[in-house]
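> sequence plus predicted model, see below.
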Amino acid sequence: MVFRKSIYKTPAQLRQMVAPGRATAASLSAVADAVAAGVTTIELDGIAEAAIEALGARSNFTLEAGYHHTICASVNDEVVHGIPGSRILQPGDILSVDSGAIQGGWNGDAARTFVLPDPARPEVVAERQRLSDVTEASLWHGIARLTTARHLNEVGEAIEDYIQSQGEYGILTDYIGHGIGRRMHEEPPVFNYRVRAKGPEVKPGLVVAIEPMVVLGDQDTYVKDDGWTVATEDGSAAAHWEHSVAVHAGGIWVLTAEDGGAAGLAPFGITPAPIA
C-alpha cells in the first residue's frame, strides 16, 4: 500500500493533538450527562458545542462541506451521520453520538453510544445495552492490539474476533476508521474486520481513529433522504464507538479518553503513556 505522503506525525505534532482530543472527550462527557428521555438531539448538539468552545477549540464537524452541526446523533436503526434536530429521545432508544474538535489546526474524533432506560421494555433495553457493550469492548480490543501489532490491519482482526465470539452481530464494512491529524479524515484506512493487506507499519507517529460500527441484524445500510444519515436496511439497532489513538515512543495514548485510555486498557494489563 502506497501513501501520498508520510502518515506518521513528529513528536511535536503529537503533542499538539492532545488538546483537540481533550476537547472532543469533554464534549461527549457533557452529552453523557444530558442524555435522557425528553431531550432533543439538537439540545445535545448545543451542549457538545459549549463544552468544546469552553476549552478554546471549535467543532470540526461544522467544517465538513454541507454539514452544520457539532455532533452526529444517530437513533435506533441509524448507524452514523444522523443530523441533530427536533427529535425527542424516547425511553429505550439507543443513541450514538459522534463528535470532534479542532484546535491549533489539529483534530480529534470520537463516538459513544447510550441506551436510555425503559422499565416497560426491559428486554429491549438489555439487548441494546449488550450491543453497545460488545461494540465498546471490541474498540478496546482493537486499541489493545495496537500496542503489540506490527501492522495496522491487525487491529481489524482483533475487533472482528471479539465481536464474533460474542454472538450473531453484523459488522459494517462500508464505513471504517481512518487516520487523523491536520484533517479529520486522513490515510490510512482502519478496518474493523479482516482484510488481506497488512496495512502500514505500526510505529511512533501513527495516529488513527478506530471506530467499530455494529448492528443487531444484517450489515446492509442505506442513506436517508437527508443525504447524511446512514440506517440499517432491516431496521435493526446499531451502536458506534470511536477513539482517536496515538502511537508514540513511550507507548500509546488514547487522545479522546479523559484518562488516556487507562480504564479501557486495564483489563488487558496495558498502561497508556502520556505523550511527552
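Good, I have the coordinates.

> how about the helices in the chain?
For the chain, helices defined by DSSP state H occupy the ranges 11-16, 18-34, 41-54, 122-146, 154-165, 262-265.

> so which bits of the third one are buried?
If I follow you right, that is helix 41-54. Judged by neighbour count using 16 or more other C-beta atoms under 10 Å, the buried positions of helix 41-54 are 41-45, 47-49, 51-52. All C-beta spots, glycine's among them, are computed from the backbone N, C-alpha and C.

> adding pLDDT and distance to V124, write those residues out as CSV.
Compiled in CSV, the buried residues of helix 41-54 are given as follows (pLDDT from 0 to 100; distance: C-beta to C-beta, whole Å):
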residue, pLDDT, distance to V124
T41, 98, 20
I42, 98, 25
E43, 98, 24
L44, 98, 22
D45, 98, 26
I47, 98, 26
A48, 98, 26
E49, 98, 31
A51, 98, 30
I52, 98, 32
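
> which residues touch the spatially closest residue to G170 that is not a sequence neighbour?
On the basis of C-beta to C-beta, 6 or more residues apart in numbering, the spatially nearest residue to G170 that is not a chain neighbour turns out to be Q219, at 3.7 Å. Contacts for Q219 were tallied using C-beta atoms under 8 Å, 6 or more residues apart in numbering; they are 170-173, 232.

> and the helices of the chain, which is most packed in?
For the helices of the chain, the stretch with the most neighbours on average is helix 18-34, a mean of 22; neighbours defined as mean count of other C-beta atoms under 10 Å.

> how far is that one from where the chain is centred?
For helix 18-34, the distance from its own C-alpha centre to the chain's C-alpha centre is 12 Å (C-alpha atoms, centre = their mean, to the nearest Å).

> what helices or strands is that helix leaning on?
For helix 18-34, the packing partners by 3 or more C-beta pairs under 8 Å, 6 or more residues apart in numbering; DSSP states H and E come out as helix 41-54, strand 94-103, strand 106-115.

> quick one: strands adjacent to the second one?
The reference is to strand 94-103. The partner list of strand 94-103 in its sheet, established with DSSP bridges, is strand 58-59 (antiparallel), strand 71-75 (antiparallel), strand 106-115 (antiparallel).

> only C-alpha atoms, please: export that strand in CSV.
Listed next in CSV are the C-alpha coordinates belonging to strand 94-103 (Å, rounded to 0.1, in the frame of the first residue of the first chain):
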residue,chain,number,x,y,z
ILE,A,94,-30.2,3.6,21.6
LEU,A,95,-28.3,6.8,20.6
SER,A,96,-24.9,7.0,19.1
VAL,A,97,-23.2,10.4,19.3
ASP,A,98,-20.1,11.2,17.2
SER,A,99,-18.2,14.4,17.9
GLY,A,100,-14.9,16.1,17.0
ALA,A,101,-12.9,19.2,17.7
ILE,A,102,-10.2,21.2,16.1
GLN,A,103,-7.6,23.2,17.9
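
> could the helices of the chain be laid out in a markdown table, adding distance to Y67?
Formatted as a markdown table, those follow (distance: least, C-beta to C-beta, whole Å):
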| stretch | distance to Y67 |
| --- | --- |
| helix 11-16 | 24 |
| helix 18-34 | 16 |
| helix 41-54 | 11 |
| helix 122-146 | 24 |
| helix 154-165 | 27 |
| helix 262-265 | 28 |
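
> these: which one's closest to A246?
When the helices of the chain are ranked by proximity to A246, the top entry is helix 11-16, at 5.4 Å, counting by C-beta to C-beta.

> which outside residues touch the closest one?
104-106, 181, 204-205, 207, 246, 248-249, 275-276.

> now do the same end-to-end measure for stretch 26-42.
With C-alpha to C-alpha, to the nearest Å as the measure, stretch 26-42 spans 17 Å from end to end.
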